[in-house]
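**Student:** I need the structure of the sequence given here:
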Amino acid sequence: HLRTVWSFHDEGPSQITDYHIETRGGRTVVRAVTSGFPMDSSWDGWVEGTNRGWAFELRSLKHYLERHAGEPRHVVYLRRRIPISNEEAWSRVTGERELVPWLTGRQPFDHQPASQYAAVVNDPPDALFRVSVEPGGPGTHYREIVVWLSAWGDQARRVNELRTRWAGVLERLFPEGQAA
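**Tutor:** Alright, predicted model coming up:
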């Protein structure tokens with residue numbers, strides 16, 4: 001059993017995920033149970049965001065095991081709090097020249113306009129890219145724009161370049177926001 005806690009500091013309760021790992025019939029079974037969702041009108045957004053996140057995480061794990069087992073993983077994970085609608089945030093992201101190369105010309109494995117886009121990309125080679133608009137902390141009025149890239153192997157320098165560049169892009173696209 002493993003428990004992780006995602007704390008929102010003084011913004012309300014924490015989100016908790018319990019992982020139960022066991023062997024059944026010679027196979028490993030992992031069961032993840034998430035709790036701590038707010039008990040208000042933001043409930044649906046939280047559940048949907050958690051489901052999208054898990055879909056991406058499981059796809060990422062499958063991608064790693066099939067193509068990159070044993071290679072080091074390098075991640076860009078950027079979040080920015082934004083006090084605007086999903087639709088406005090999505091419009092800004094999909095119209096941004098610096099992000100468009102990662103949003104076009106690839107077959108997404110998850111495309112839910114105004115919420116999420118995820119695909120395997122060529123730069124860095126065979127990396128996973130995700131951009132999403134998520135609900136903010138419990139009881140808050142803001143949302144978060146999240147940009148995520150997972151790359152494997154000898155890609156640390158390229159990933160660091162992209163992290164720096166994309167952080168600047170998010171600041172420029174969402175000047176009314178703040179880093180999360």
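
**Student:** What are the contacting residues of the lengthiest helix in the chain?
**Tutor:** Within the chain, and with DSSP state H defining each element, the longest helix by residue count is helix 43-63. Contact partners of helix 43-63, identified using C-beta atoms under 8 Å, 6 or more residues apart in numbering, comprise 15, 32, 34, 37-38, 109-110, 112, 115-116, 118, 120, 128, 130, 132, 134-135, 138, 148, 150. In short, each C-beta sits where N, CA and C put it, glycine included.

**Student:** ok, 7 Å please
**Tutor:** For helix 43-63, the external contacting residues (C-beta atoms under 7 Å, 6 or more residues apart in numbering) are 34, 37-38, 109-110, 115-116, 118, 128, 130, 132, 134-135, 150.

**Student:** now for the lowest-mean-pLDDT helix or strand in the chain, which elements pack on it?
**Tutor:** The weakest-scoring helix or strand in the chain, judged by mean pLDDT, DSSP states H and E, is helix 100-103 (a mean of 74). Judged by 3 or more C-beta pairs under 7 Å, 6 or more residues apart in numbering; DSSP states H and E, helix 100-103 is in contact with no other helix or strand.

**Student:** Pairing partners for the helix or strand that that helix is followed by, with directions?
**Tutor:** Next helix or strand after helix 100-103 toward the C-terminus (DSSP states H and E): strand 108-112. Partner strands and pairing direction for strand 108-112 (DSSP bridges) are strand 116-121 (antiparallel).

**Student:** got a list of contacts for the next helix or strand after the partner strand?
**Tutor:** Using DSSP H and E, the helix or strand that follows strand 116-121 in sequence is strand 127-135. Residues from elsewhere that reach strand 127-135, judged by C-beta under 7 Å, 6+ apart: 42, 45-46, 49, 52, 56, 60, 63, 86, 89-90, 93, 99, 102, 114-121, 143-151.

**Student:** Which residue of the chain lies farthest from its centroid?
**Tutor:** In the chain, counting by C-alpha atoms, centre = their mean, residue 25 sits farthest out from the average C-alpha position, at 33.3 Å.
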